[in-house]
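>>> Sequence below, structure please.
(2 chains)
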Amino acid sequence: MSRLRLSIILPLLLGFLCSVAVAQQTDTFFQQNCTSCHTIGGGRLTGPDLKDATKRKERAWLEKFIQAPKAVIDSGDPYALQLQQESRGIVMPAVPGVTPQMAKALVDLIEAESALPKSRFAGAAISDRPFTPANVALGMEILRGERKLSQGGAACISCHTIGTLRGMGGGRLGPDLTLVWERLGGRKAIGAWLTNPLTPTMQAVYRNHRLQNEEIFPLLAVFDEAARTSLPADSGAQVNFFLAGFAGLCGALGLMGWIWRGRFTNVRRNLVRKSRGVE
Amino acid sequence: MNVRSQVSMVFHLDKCIGCHTCSIACKNIWTDRRGTEYMWWNNVETKPGTGFPTAWEDQEKYNGGWEVEDGKLQLKSTSKAKTVFNIYHNPSMPTMDDYYEPWTYDYQHLFNAPEGPDQPTAKPISMVTGELINIEAGPNWDDDLGGSPIYAENDPNLASLSPEQRAQLSAVERLVLFYFPRICNHCLNPSCVASCPSGALYKRGEDGIVLVDQKRCRGWRMCVAACPYKKMFYNWNTGKSEKCILCFPRLETGQAPACFHSCVGRIRYLGVLLYDADRIEEVASLPKEKLIEGQRSLILDPNDPEVVAAARQSDVHDSVVDAAQRSPVYQFVKTWKIALPPHLEFRTMPMLFYVPPMSPVMSSQENGTISHVSDNLFHDIDESRIPMKFLASLFGAGDESFVRYALRKQKAVRWYRRAMTVGDVDMPTAERMLREADCSPDEAEAIYRLTALCTFDERFVIPPMHREEAIQMMEDPLTHKQDVGFGFMSGPHRGM
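Numbers count the residues shown, from 1 in each chain, chains lettered A, B, ... in the order given. You can find the predicted model right below:
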């Protein structure tokens, strides 16, 4: 109840508060929606480093791009296409809640943070230690859900599969994670992503159940291992899944047939059959 | 003593000619709607035969009615726990084939057929699929022993008969059959009501008619499986169950139900019985051989001052008690004891009673000539061509003595009347037969009158239904006064 009331009252209050509060709101927005793929002065993750973005391109273009990235790319804008190519073809998702005012505020924020020697958004602190087999083993436990996530998030296997998983593989709602290491661009990028996953599905799942750094590190070790050692989860797992499902179905039908073995079967047709001498 | 009234029925099988007029009268009034194509609230079966649906009497298959387990009455088909597990698929449900696939004919073809060498015909069309079908079965497919090697041979009541008795029944030239019209029995201990998970079925307190509340019914169809007489039907169009309503709208306006009214053989009698509602469970749990006496003891004597006082105490209207005193059903069932309930061993306490039919004497065929066991016009009852065991299985809960008693009395009455009117048998013998049949000349006269000379008003003693009192128990009639005046339970809808 109190949370509900807060969520109603807070935005109303904020609307009347001074520009400091507006700036804070932008900070939070940036933290929640942009840091999964971008840093300011921390090098590129999935998306480019935004430091000095205002110097590389005019503000109007930036604001337009932030609001509708796909539209700008589709319009054939050469700079947008170049950005997409640098991101290995990944299109920046349209972030809900980016109004023209917000876009302007974000560009302001990027400009202001770029001027600082060390931005608050320079990137998450993912350790540079080399991965050990112990890390991989722990990561697999987390991925398979054998070890619970400390904040109670769902295990990766519920939606994703990965080449190193045996048997029937994992879920198929999310993409295969085997080559995610290369797709998203390595340790730093994936680390940032896992700190703050942004897709509509993952955001909803992990918004209130954030992954911790000591959980992200072993997962990164798993992704690194998978990218180096295995092929993407093949269709064999899918066939196994289908066969197991079919066997389960037959088993269930057989069991039901046995439980209800005394059920009513046709009377009249049997009488007719019997009278014709067909036993 | 908790006295209630029940509109009960007697069907005099010796008078039934198997014309199916009752079935048609009912069909035309109640079940000519979409979704009720296959329903026959009233149907007439040929016995021996399997009836509608096929072999409905075989509760090993259909699981209808009650059974006594550890002294407790239990439904055969379901229980509270079983209802949960079987709610989406009842394992005791008859299939459509056991009723029949309803059909109509392509009458248009008679008018539209192109010119050809032959007369056009109207081919049968399934009312389920709309496709042309080969008719394989109907609601009276085994009528008059049609297809008897399939149907009559498999009558569940033949189970207790010896092979000779079976052969006797079906031998060519010596075939015997009788008709068995059936409607809902409006039982005292209805298994359909007990099985309903939605509580949609109820037995009206004021007249004992068993009804389905169409607003409450959720179409679980537990009642279809639970009714041992298979007189609950599922309407696929409305998704609700339906059954014989004993034409209560007609009864409430003083008319006999349609099947009763239209009966050509005048076999049907209708009247009130008073019964003791407190003892139903006790009686329904009795051992099989005590059931018939038990049910008779439930029915109270409406002329007993004690009963009349108790009835008044239980809010049974004086006019209903008066109707009960004139009830022809009470005469047949309690006074004369010649009407018996069908399959009382199902323990639902049916309140429709049958006067068992007489049949010709047994005969045998030797060298092409047929010789009869007895040359007597009114032969001994035990030499009837329909074995006593068969009738006992139908109407005596397996006990022959009740059926024999009823048939003996009928025979004695005939003999007595023969002596009176024709005179080719002598009176002393007739009177001796009456004594042996536990019947006085007065009683014989009364049986004769109510069987042969009965008028419309003697056959149907319809009590005033006092709906106004029944309704007032549940709602205040003045609630609706300001809505639309008297006459509407819910206001008329306006506009399109």
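>>> The most centrally placed residue in chain B bridge partners, please.
The residue lying closest to the centre of chain B (C-alpha atoms, centre = their mean) is residue B:182, at 3.7 Å. Counting by DSSP bridges, residue B:182 is bridged to residue B:43.
>>> residues touching it, list them.
For residue B:182, the contact set (C-beta atoms under 8 Å, 6 or more residues apart in numbering or on different chains) comprises B:42, B:43, B:44, B:45, B:51, B:229, B:231, B:342. C-beta coordinates here come from the backbone N, C-alpha and C atoms, glycine included.
>>> Out of those, which is nearest to residue B:436?
The closest of the contacts of residue B:182 to residue B:436 turns out to be residue B:342 (C-beta to C-beta; 26.8 Å).
>>> I'd like the distance between that closest one and residue B:311.
To residue B:311, residue B:342 is 27 Å away according to C-beta to C-beta, to the nearest Å.
>>> Those two: who's more crowded?
Between residue B:342 and residue B:311, residue B:311 has the larger neighbour count (other C-beta atoms under 10 Å in any protein chain shown), namely 24 against 19.
>>> List the beta-bridge partners for the spatially closest residue to that one that is not a sequence neighbour.
Counting by C-beta to C-beta, 6 or more residues apart in numbering or on different chains, the nearest residue to residue B:311 once its immediate chain neighbours are dropped is residue B:3, at 4.2 Å. Per DSSP bridges, the residues bridged to residue B:3 are residue B:276.
>>> tell me the contacts of residue B:3?
Residues counted as contacts of residue B:3 (C-beta under 8 Å, 6+ apart) are B:274, B:275, B:276, B:277, B:300, B:307, B:310, B:311, B:313, B:314, B:316.
>>> Measure how buried the third one is and give me the count.
Which is residue B:276. Residue B:276: 20 surrounding residues under other C-beta under 10 Å.
>>> Likewise for the one 4 residues further on?
Under the neighbour criterion other C-beta under 10 Å, residue B:280 is assigned a count of 20.
>>> got any ranges where chain B has weak pLDDT?
B:172-173, B:364-368, B:370, B:373-378, B:477, B:480-496 (pLDDT under 70).
>>> so what's residue 208 up against?
Just so you know, I chose chain A. Residues near residue A:208 by C-beta under 8 Å, 6+ apart: residue A:151.
>>> My question was about chain B, not that one.
Counting by C-beta under 8 Å, 6+ apart, residue B:208 has contacts B:4, B:5, B:6, B:7, B:8, B:186, B:188, B:351.
>>> helix or strand for it, which one?
Per DSSP states H and E, residue B:208 falls between elements, in no helix or strand.
>>> just to revisit the earlier point, quick check: of the contacts of residue B:3, which has the highest neighbour count?
In these, the most neighbours by other C-beta under 10 Å go to residue B:274, 27 neighbours.
>>> Name the residue closest to the centre of chain A, please.
residue A:202 (4.3 Å).
>>> Okay, and which of the contacts of residue B:208 map to helices?
Per DSSP state H, helices hold no members of these.
>>> of these, closest to chain A?
Chain A has its nearest neighbour among these in residue B:186, at 25.2 Å by C-beta to the nearest C-beta.
>>> what about that closest one, how many residues close to it?
If you count neighbours by other C-beta under 10 Å, residue B:186 ends up with 27.
>>> Also residue A:131?
18.
>>> which bits of the stretch 101-250 of chain B sit near chain A?
B:136, B:137, B:149, B:150, B:151, B:153, B:154, B:225 (C-beta under 8 Å from any C-beta of the partner chain).
>>> give me every residue that touches residue A:193.
Residue A:193 makes contact with A:36, A:37, A:45, A:46, A:184, according to C-beta under 8 Å, 6+ apart.
>>> Closest one of the residues you listed to chain B?
Minimum distance to chain B across these is 46.2 Å, recorded for residue A:36 (C-beta to the nearest C-beta).
>>> residues of stretch B:214-234 that come out buried?
B:217, B:220-234 (16 or more other C-beta atoms under 10 Å in any protein chain shown).
>>> In the residues of the stretch 101-250 of chain B next to chain A, find the pair that's most separated.
The largest separation in those, counting by C-beta to C-beta, is between B:149 and B:225 at 29.1 Å.
>>> residues in contact with the residue nearest to residue B:30 when sequence neighbours are not counted?
Sequence neighbours aside, residue B:41 is the residue nearest to residue B:30 in space, at 6.1 Å (criterion: C-beta to C-beta, 6+ apart). The contact partners of residue B:41, taken as C-beta under 8 Å, 6+ apart, are B:26, B:30, B:31, B:183, B:184, B:231, B:233, B:242, B:243, B:244, B:245.
>>> what about the strands in the stretch 101-250 of chain A?
Read by DSSP state E, counting those that start in this stretch, the stretch 101-250 of chain A holds no strands at all.
>>> in it, which spans are helices?
With DSSP state H, counting those that start in this stretch as the criterion, the stretch 101-250 of chain A has helices at A:133-144, A:180-184, A:186-195, A:200-206, A:213-229, A:235-259.
>>> pull the CA atoms of the fourth one into PDB?
Just to be clear, that refers to helix A:200-206. Extracted C-alpha coordinates of helix A:200-206, given in PDB (Å, rounded to 0.1, in the frame of the first residue of the first chain):
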ATOM      1  CA  PRO A 200      11.600  -6.000 -21.800                       C
ATOM      2  CA  THR A 201      11.500  -9.600 -20.600                       C
ATOM      3  CA  MET A 202      14.800  -9.500 -18.600                       C
ATOM      4  CA  GLN A 203      14.200  -6.100 -17.200                       C
ATOM      5  CA  ALA A 204      10.800  -7.200 -15.800                       C
ATOM      6  CA  VAL A 205      12.400 -10.300 -14.300                       C
ATOM      7  CA  TYR A 206      15.500  -8.800 -12.700                       C
END
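>>> before we move on, the earlier item: pick out the most distant pair among the buried residues of stretch B:214-234.
Farthest pair in the buried residues of stretch B:214-234, by C-beta to C-beta: B:217 and B:228, 20.0 Å.
>>> related to what we said a few turns ago, in TSV, list the contacts of residue A:193 along with distance to chain B and secondary structure.
Listed next are these as TSV, based on distance: C-beta to the nearest C-beta, whole Å; DSSP: H, G, I helix; E, B strand; the rest coil:
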residue	distance to chain B	secondary structure
A:36	46	coil
A:37	49	coil
A:45	52	coil
A:46	49	coil
A:184	47	helix
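>>> Which pair of these spans the longest distance?
It's A:36 and A:184 that sit farthest apart of the contacts of residue A:193, by C-beta to C-beta, at 9.8 Å.
>>> give me the low-pLDDT residue ranges for the stretch 151-279 of chain A?
A:230-237, A:278-279.
>>> can you pull the buried residues of stretch B:415-433?
Of the residues in stretch B:415-433, those buried (16+ other C-beta under 10 Å) are B:415, B:416, B:417, B:418, B:419, B:425, B:430, B:431, B:433.
>>> Is it possible to get a markdown table of those residues that adds distance to residue A:76?
Below are these laid out as a markdown table (distance: C-beta to C-beta, whole Å):
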| residue | distance to residue A:76 |
| --- | --- |
| B:415 | 113 |
| B:416 | 113 |
| B:417 | 111 |
| B:418 | 113 |
| B:419 | 118 |
| B:425 | 117 |
| B:430 | 117 |
| B:431 | 119 |
| B:433 | 114 |
